[in-house]
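In: Predicted model and sequence below, questions to follow.
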Amino acid sequence: MAGKWRAWVKDRFGLQYIQQHVLDRRIPKTSWYQGDGAALLVLLATLVITGMCMAPTYTPSPDDAHASVAYITERQWLGWFVRGLHYWSAGLMVVMVLAHLFRQILVAGYKFPREGTWLIGVMLLCLVITMGFIGYVLRWDQRAIYALRVALTMFWRVPAIGDDLVVFIQGGEAIGARTLPRLYAVHVIFVPLLLLSLVGWHIYLVIVHGVTSKAERRQPIASLDEHQRVYTEAKQSEHGGEDFHPTTTARTGASGFIVFMLALGLTLGLGPPALGPAANLVTPAFVAEEWYFAWYSGLIALLPPSVAPWFVVAFPLLVLAILIALPLVDRGPNRGFRRRPLAVVIVVAIVATMLFLTDLRRRSPWTGWPTPEPPSVPADVQLSPDAERGRQLFAAHGCTSCHAIAGRGRQVGPDLARISPPMSALELRRYILRPPEHVAMPDYQDMLSELELRQIVAFVLVAQTFEGEAQQR
Amino acid sequence: MLKWVVRGIGVTTAGVVGGSGIATLVSPTVRERRTPSWQPIGPLEQFEIGRMHETVVRTPGAAPAETGVYVWSESADQFIVFSRACTDLGCPVRWDPGSQWFFCPCHGGIFNRRGEPEAGPPAIPLYRYQWRIHAGHLEVDVFSVPPLT
């Protein structure tokens, strides 16, 4: 009876065609790491469902948005969980989409007949990054509004139309009542519709053209006919092929499930991101981007002034152009990383650079910031009254805004306990009053009295002897 | 012939719906142009000579409406009103009264008291608002600095 009903449903809803062309087919053997696509699908489904559950409460108005996010997090049943899962799934989505991209570069997944699959994937990459960014802005806390301003500045730098782009995105002359509804519409209507359509198309092309198989990687393939022959032989052979369902679906599904469990674990362990103060452009703000954009922020911080203004426009466009051009430029017969060492070198170098820049941005040694607390002193050091007064003045005159002492404090200027050889009192006096031309340090000539200068020098002379990051008091 | 009819119907329908939709979407860019908007930031006596003052200006139509600005008073009737937006990417610079420099929290932009860049990626000085004295108050044109005030 159940079988009869199942057959009826399959027939009347046309499911037998899906079963025949999608599930009951042979494909070349897959590996566990090919589950990254399935993981992206699981994350996308999670984002759609959690997003749908938050959308009815979220209020896209500058006066209410922040409070509505707080309401979702603090008052709605399991709101903290849904928002946390949305946040961590979004972060993992960016990571996984980059992993997917790099893997395709390693195996040459963009080569014929899969150029279309690749180009749609590039569009999906852009959309995922757009979604991640706007989702972060919708929180409408202080970090969000400055993230928006940074993005607007990047658009503003586009030659000729920059000003118009900013007004278009803002929906008016300034960030205002029309800005958030526009961003919200893009986040919940425009991009999701486009994204889901393109994901469908991407998967359709994966079914039509398959994915880069092991058989294709073993030998050079010079023509489309040869590719067709190698691919067909592999999927139909006993050892080179497998049934898509349930063999492939189980393997890739397991990968997707592991990534989902990671999002779940992060949500339960760390919860949703803390909300900062409501968006405002008045109170001092020590802002930072989301962790998955930190590498780009680190890169921007290293740019010299002559490059910085145009780089923020040129770099994303250049990356996009390279990705689009890749299948047209790299038309060699080899696939897989064993036959393409250059691809391995490039991908490893890019990933290592991104990790390095992320860590650099986390430390941000270039950031100076007003730090009113005087530097601490090792427990076994007793300062003279003059040096103690100098320690207080060291903070009051902003030395702590840039200088660390024995590893503690800001790192814009040199760590004063690690100057080699240590400076004499006379050298310190001269340096403080009139720093060398090439050194980014205020000229204190008119800012210190003779007594204050002597006391600061007295402290720095002692501070130069502080060692390591010993016990401080 | 019939195929062309089908294509024509499709293009016409898409053109009417898409064209009007796009026109509505882009209209804020085309129809709204900035004109000077002079807004008070405080009575003149509020700005002590030779000191940096932190104050706010209201931008009509903006939300949040208030934006922080820094005012350096050179004399009783000479001022410099700095935008808080770093000229690198618009992060909010903060004045450090100790060193008398501005620090940006994002990418290492550092500016001196005159707003000139001292370190980091910024290539140009901090933006300065156009200001005027009106009825004993210092006023600035809120749209006299780049769009991201």
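Out: Perfect, I can see it now. Bear in mind the structure is a predicted one, so any value in this text is a computation, not a measurement.

In: Please count neighbours and contacts with C-alpha atoms only from this point.
Out: Will do.

In: quick one: the longest strand seen in chain B near chain A?
Out: Assignment by DSSP state E gives strand B:66-75 as the longest strand of chain B. Yes: residues of strand B:66-75 are located near chain A by Cα under 8 Å from any Cα of the partner chain, namely B:66-68.

In: Check which residues of the helix or strand encompassing A:Leu43 are buried.
Out: Under the criterion of DSSP states H and E, A:Leu43 resides in helix A:36-54. Neighbour-count burial for helix A:36-54 flags A:36-44, A:46-47, A:50-51, A:54 (criterion: 16 or more other Cα atoms under 10 Å in any protein chain shown).

In: Nearest to chain A within chain B, name that residue for me.
Out: B:Gly98 (3.7 Å; Cα to the nearest Cα).

In: For chain B, which segments are assigned as strands?
Out: Under DSSP E, chain B gives strands at B:38-43, B:52-58, B:66-75, B:78-83, B:94-96, B:101-103, B:110-111, B:117-119, B:131-134, B:137-141.

In: how about JSON lines for the ones you listed, with mean pLDDT and mean neighbour count added?
Out: Converted to JSON lines, the strands of chain B look like this (pLDDT from 0 to 100; neighbours: other Cα atoms under 10 Å in any protein chain shown):
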{"stretch": "strand B:38-43", "mean pLDDT": "96", "mean neighbour count": "18"}
{"stretch": "strand B:52-58", "mean pLDDT": "97", "mean neighbour count": "18"}
{"stretch": "strand B:66-75", "mean pLDDT": "96", "mean neighbour count": "19"}
{"stretch": "strand B:78-83", "mean pLDDT": "97", "mean neighbour count": "21"}
{"stretch": "strand B:94-96", "mean pLDDT": "97", "mean neighbour count": "24"}
{"stretch": "strand B:101-103", "mean pLDDT": "98", "mean neighbour count": "27"}
{"stretch": "strand B:110-111", "mean pLDDT": "98", "mean neighbour count": "29"}
{"stretch": "strand B:117-119", "mean pLDDT": "96", "mean neighbour count": "23"}
{"stretch": "strand B:131-134", "mean pLDDT": "97", "mean neighbour count": "16"}
{"stretch": "strand B:137-141", "mean pLDDT": "97", "mean neighbour count": "21"}
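
In: Which is the succeeding secondary structure element to the helix holding A:Leu43?
Out: helix A:65-74.

In: now the angle from that following helix to helix A:36-54?
Out: 110 degrees (axes from the mean of the first three to the mean of the last three Cα atoms, to 10 degrees).

In: Show me which of the buried residues of helix A:36-54 is closest to A:Leu23.
Out: A:Ala38 (14.7 Å; Cα to Cα).

In: Tell me which residues touch the closest one, please.
Out: A:Ala38 makes contact with A:252-253, A:255-256 under the criterion Cα atoms under 8 Å, 6 or more residues apart in numbering or on different chains.

In: My guess is the residue of chain B closest to chain A contacts A:Thr400. True?
Out: No: counting by Cα atoms under 8 Å, B:Gly98 stays clear of A:Thr400, with 9.2 Å between them.

In: what residues do these two have in common as contacts?
Out: With Cα under 8 Å, 6+ apart, B:Gly98 and A:Thr400 have common neighbours A:Pro370.

In: got a list of what the residue of chain B closest to chain A touches?
Out: Here B:Gly98 is in contact with A:370, A:395-399 (criterion: Cα under 8 Å, 6+ apart).

In: which of those residues come close to chain B?
Out: Among those, chain B is touched by A:370, A:395-399 when using Cα under 8 Å from any Cα.

In: what's the one helix or strand A:Phe168 maps to packed up against?
Out: Here A:Phe168 sits within helix A:162-170, counting by DSSP H and E. Using 3 or more Cα pairs under 8 Å, 6 or more residues apart in numbering or on different chains; DSSP states H and E, the elements in contact with helix A:162-170 are helix A:142-156, helix A:179-185, helix B:2-31.

In: Name the residues of it that are buried.
Out: Result for helix A:162-170 [16+ other Cα under 10 Å]: buried residues A:162-170.

In: what does that helix contact?
Out: A:152-153, A:155-156, A:173-174, A:176, A:178-179, A:182-183, B:26, B:28-29, B:147.
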